Every structure is written in structure tokens, then in C-alpha cells.
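What follows is a protein structure lacking sequence information:
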């Protein structure tokens, strides 16, 4: 069944409601990728998919609850893509490069991640927030298990790496929120300055330092 049919069809049974909710999420993510976080409007989304605005709130109590659901989906999606790219006995640098490139390739994940704690989570009901944190815990455990194998780390070390990489990703993604100057003519010294703060090389350099620091710290305690 197409998304349009699923949205416009009257939802009576639990299965029909679940199908409509899924279709709404698909339309919401497409709209989000087009306009971004700040310009996203529940009224416009409802108009785009031919629903009354009130109907959207039957599925998501607030705009932020919708964003939280999109974040969870993107987190699970990105985690699987990242894990699929890992292999045994990887270097810290290759691991960091893959983490950054796969996270950046998902157009939904990073834009919502950087707004998660400061914006999105502040306008959702506590039970919904708790369920989201449980999703996060499950994904951290899955990522840590794969990381432990790829980097030859203990379970505790791998969990520390995954959690720290998340904080580092937020910082790197926030650094990319400035205006795009790709097609502007800039003085060489300004170009060099911008290049020195490019998020990808900074992320990879610091990620490697953190991973090796965690590894060394464990060895020094033996």
C-alpha cells in the first residue's frame, strides 16, 4: 500500500492506525529533509499529506515527539549501516573515518542529534522520553559490541568509546551549522582558517586520540 493511500484511508483497526502512523513518518522525514528543523511546521505537514492538523496530534502529541521518533528511526538506521561497515582488527583512524562518514551520510540523524537534549527532549512527555532512552541504551549496547570486536577493546572500553564518540559527533555537527561559503571568493588566509576547523579532520584526529587514550589507560592499570 502506498504512503498516500495509507494516510488518506480512514484508520479503524490497530493495524490500519500503525500503517497510517508509518506513512505519516515517511512524509514527515521527506519534508524535514526539504526544509530543516526550524522551518518544519506541523500545519504544513498536515496540508502536504491531506490530513487535518488535529489528526497528526492523535499520533504525536507535539512537534518534538514527532522529531524524537524520527531521531530514533535514524539512530537505529545509522547504527546498522555503521556496524555493517566494521570489520575485525580495524585501526582507530579507519574506525573514526567510517563513523563520521556514515553518520554524515544520513540527512536526518545528525541534525536531530544536535538538537536532542537542548530542544527536542524538553517538550515530550516523561513516559515517551523514558522509552526513547531505552532505545538509545539498546543501540549503545549494539554499537559497543561491534566496536569491541573491531578495535579489540573490552566491553567497558567499547561502551566508553561509543558514548564519547556521540559527544564528539555533536560537537563536529554543530561546527557545520555556519553559512556555506563553498562558492564565495575568500582571501587565502580565511580559506586556510576555515579548512583548519573543518569538522571531518578535527573529528577524526580527536576520535583517534580518545580511542588510543582509552586503550592506553586500560593498559596502564594492569
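Received, thanks. Quantities reported herein were computed from a predicted structural model and do not represent experimental measurements.

for the protein, what spans make up the helices?
Using DSSP state H, the helices of the chain run over residues 3-8, 14-39, 42-49, 53-59, 63-85, 92-105, 109-113, 126-151, 155-175, 188-196, 199-220.

Tell me which of those lies nearest to residue 120.
Comparison of those against residue 120 by CB to CB identifies helix 63-85 as nearest, at 4.7 Å. C-beta: built from backbone N, CA, C; applies to glycine.

For this structure, give me the ranges with low pLDDT.
Across the chain, the ranges flagged by pLDDT under 70 are 1-13, 175-184, 186, 188-198, 218-222.

residues in contact with residue 57?
Residues near residue 57 by CB atoms under 8 Å, 6 or more residues apart in numbering: residue 42.

how close does it get to residue 134?
As for residue 57, its distance to residue 134 is 24 Å (criterion: CB to CB, to the nearest Å).

can you check residue 102 too?
From residue 102 to residue 134 the distance is 23 Å (CB to CB).

and those two? which has more neighbours close in?
Ranked by neighbour count (other CB atoms under 10 Å), residue 102 and residue 134 place residue 102 first, with 19 against 10.

and the spatially most central residue of the chain, how far is that from residue 141?
The chain has residue 109 as the residue nearest its centroid, 2.5 Å off, counting by CA atoms, centre = their mean. Distance, residue 109 to residue 141, by CB to CB: 18 Å.

so residue 76 touches residue 139, yeah?
Yes: look at residue 76 against residue 139 with CB atoms under 8 Å: they come within range, at 6.4 Å.

In terms of packing, which of these two has more residues around it?
residue 139 (19 against 15).

so what's the more buried one up against?
75, 76, 79 are the contacts of residue 139 under CB under 8 Å, 6+ apart.

Please apply the same query to residue 88.
Neighbouring residues of residue 88 by CB under 8 Å, 6+ apart: 149, 150.

Pretty sure residue 79 is one of the things the residue nearest to the centre of the chain touches, is it not?
No: the pair residue 109 / residue 79 is not scored as a contact, 9.4 Å apart, by CB under 8 Å.

what is in contact with those two at once?
Shared contacts of residue 109 and residue 79, defined by CB under 8 Å, 6+ apart, are absent.

So which of the helices of the chain is the most surrounded?
Of all the helices of the chain, helix 109-113 carries the top mean neighbour count, a mean of 22, counting by mean count of other CB atoms under 10 Å.

Now do that one: distance to the chain's middle.
4 Å (CA atoms, centre = their mean, to the nearest Å).

Stretch 114-125 now?
Relative to the centre of its chain, stretch 114-125 is centred 13 Å away, using CA atoms, centre = their mean.

Reformat the contacts of residue 139 as JSON lines; add distance to residue 213.
Listed next are the contacts of residue 139 as JSON lines, based on distance: CB to CB, whole Å:
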{"residue": "75", "distance to residue 213": "26"}
{"residue": "76", "distance to residue 213": "29"}
{"residue": "79", "distance to residue 213": "24"}
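
with those in mind, which one is nearest to residue 153?
Looking across these and measuring by CB to CB, the closest to residue 153 is residue 79, at 17.5 Å.

residues contacting the closest one?
Neighbouring residues of residue 79 by CB under 8 Å, 6+ apart: 139, 142, 143.

try 10 Å
Contacts for residue 79 (CB atoms under 10 Å, 6 or more residues apart in numbering) come out as 102, 103, 109, 138, 139, 140, 142, 143, 146, 162.

quick one, what contacts residue 48?
Contacts of residue 48 were listed using CB under 10 Å, 6+ apart, and they are 7, 27, 28, 30, 31, 34, 41.

That'll do, ta.
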